[in-house]
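**Q** Give me the fold of what follows.
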Amino acid sequence: MRLGKWKIRIFIGLAIVAFAYVQRCTNKEENPYTGRVQNINMTAEQEIAIGLQSAPEVAQMHGGLYPDERLQAMVDRVGQNLVKNSIARETPYQYEFHLLADEQTINAFALPGGQIFITYALFSKLNEAQLAGVLGHEIGHVIGRHSAERIAESNFWKTVSMGASVGADAGGIVNEIGQNTLLKNGRGDELESDELGVLFMLQTGYPPEEMIHVMEILKNAAGPNRVPEFQSTHPDPENRIQRIRDAIDRFKKELPNTSS
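**A** The predicted model follows:
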């Protein structure tokens, strides 16, 4: 009798895992802006709704918005210029740029659907072209649908983990594998966004070499003994510089009037 119950558990567990894989294959779609095939289980409208709903809470976590309207206007101007001059203008997303009051945490990030944030701690270290590099990178996250992809991957691994728990009490092991996969893919997203940021800078008329200076600023901000917030999910700036150089060379050859 106990053996029969064990077989039933195995069968149910395998069925749950099979369902997760079938659903994952069904959710595959090509991103029209990057050409990359992704596992996505939500619409652009849902991404926008998630971002708008989450934005106030996220801002509050960083002390709210920075009170200087002049600096906020600068962030808006640079961000909207990048959107206007790049493929971002063809997307359905609603791009809004927020300068956060946080003077301690050096970071910038994007929510699904176009809500983009930069802390004053990072903003204060940048010139306008470098700001464009940071905002262009974050626009790249939105266009790349990286948050939506991470959500779909997380849901997939949760379902697989549930199946493993039912079938063989192995949910913890599978969940750990899933988390490692998410971390790896997230770092790949950062590199893709770096390349998109370079492209958007060139299209908007900013010198893309300033993106390399941003990496140097981030590296120096870490100091000898401190790991800044951005390095919890981003590749080390030193490892990103060569990829950025390669992207600059490639896009300057591909785009008209940018080879000099």
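
**Q** tell me the average confidence for whichever strand or helix holds residue 129?
**A** Assignment of secondary structure by DSSP states H and E places residue 129 within helix 128-143. For helix 128-143, the mean pLDDT works out to 96.

**Q** for that helix, packing partners?
**A** Helices and strands touching helix 128-143, by 3 or more Cβ pairs under 8 Å, 6 or more residues apart in numbering; DSSP states H and E, are helix 69-84, strand 108-110, strand 115-119, helix 171-204, helix 210-222. (C-beta placed from N, C-alpha, C; glycine too.)

**Q** right, so of those, which gets closest to residue 143?
**A** helix 171-204 (6.5 Å; Cβ to Cβ).

**Q** still on that earlier bit, using TSV, please lay out the helices and strands packed on helix 128-143 together with mean pLDDT.
**A** What follows is the helices and strands packed on helix 128-143, written out as TSV (pLDDT from 0 to 100):
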stretch	mean pLDDT
helix 69-84	98
strand 108-110	90
strand 115-119	96
helix 171-204	67
helix 210-222	86
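
**Q** Out of these, which is closest to residue 135?
**A** Taking Cβ to Cβ, helix 69-84 is the member of those nearest to residue 135, at 4.8 Å.

**Q** which outside residues touch the helix or strand that the closest one is followed by?
**A** Using DSSP H and E, the helix or strand that follows helix 69-84 towards the C-terminus is strand 96-100. Identification of contacts with strand 96-100 by Cβ atoms under 8 Å, 6 or more residues apart in numbering yields 55, 59, 62-66, 68, 71-72, 75-76, 78-80, 114-120, 123, 135.

**Q** The residue nearest to residue 125 when sequence neighbours are not counted: how many residues sit nearby?
**A** Spatial nearest neighbour of residue 125, chain neighbours left out: residue 217 (5.3 Å); criterion: Cβ to Cβ, 6 or more residues apart in numbering. Residues near residue 217, counting by other Cβ atoms under 10 Å, number 16.

**Q** Let me know which of the helices and strands packed on helix 128-143 is tucked in deepest.
**A** For the helices and strands packed on helix 128-143, the largest average neighbour count (mean count of other Cβ atoms under 10 Å) is found in strand 115-119, namely a mean of 25.

**Q** Taking helix 128-143 as reference, get the angle to that strand.
**A** 140 degrees (axes from the mean of the first three to the mean of the last three Cα atoms, to 10 degrees).

**Q** I'd like to check what contacts strand 115-119. Which residues are they?
**A** In contact with strand 115-119 (Cβ under 8 Å, 6+ apart) are residues 51-52, 54-55, 58-59, 62, 75, 79, 95-100, 102-103, 105-111, 131, 134-135, 138-139, 142.
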